[in-house]
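Q: Attaching a predicted model along with its sequence, questions to come.
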Amino acid sequence: MAEKRVFDSADMASRGRIGGCARVAKYSPEQLVGAARRGFLARFEPKEEGLSDEERQRRAQMGLRAHMHRLARLSALKRAARR
């Protein structure tokens with residue numbers, strides 16, 4: 001029967017950092033998260049026809065900002081309620 005290997009949390013954290021750095025050194029940020037970011041931003045794109053690409057992108061960015069501000073506000077309200 002194979003021996004069971006036990007890793008402590010510090011060793012696993014160190015291995016994770018090494019792997020993360022190696023991955024970032026090998027690929028560009030666009031290759032790593034580009035598709036996920038585009039998909040996430042697509043949630044905020046307006047569905048209206050006749051908008052230029054620039055205007056569609058501007059509105060998507062503002063929709064994302066509004067979403068993040070809404071989340072921050074809700075988080076602050078929850079923290080204040082716990083006090």
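A: Cool, the structure landed. Numbering: from 1, shown residues only.

Q: How much space separates residue 42 from residue 63?
A: Distance from residue 42 to residue 63, counting by Cβ to Cβ, to the nearest Å: 11 Å. All C-beta atoms are positioned from the backbone trio N, CA, C, and that covers glycine.

Q: check which helix or strand covers residue 76.
A: Using DSSP states H and E, residue 76 sits within helix 53-82.

Q: just to revisit the earlier point, give me the more crowded residue out of residue 42 and residue 63.
A: Set residue 42 next to residue 63 and count neighbours by other Cβ atoms under 10 Å: residue 63 wins out with 15 against 9.

Q: Nearest residue to the more buried one in space, ignoring adjacent ones along the chain?
A: Nearest residue to residue 63, sequence neighbours excluded (Cβ to Cβ, 6 or more residues apart in numbering): residue 44, at 3.3 Å.

Q: Return the helix or strand in this structure with minimum mean pLDDT.
A: Averaged element by element with mean pLDDT, DSSP states H and E, the chain has its least confident helix or strand at helix 29-42 (a mean of 92).

Q: For the residue nearest to residue 63, give me its contacts.
A: By Cβ atoms under 8 Å, 6 or more residues apart in numbering, the contact set of residue 44 is 59-61, 63-64, 67.
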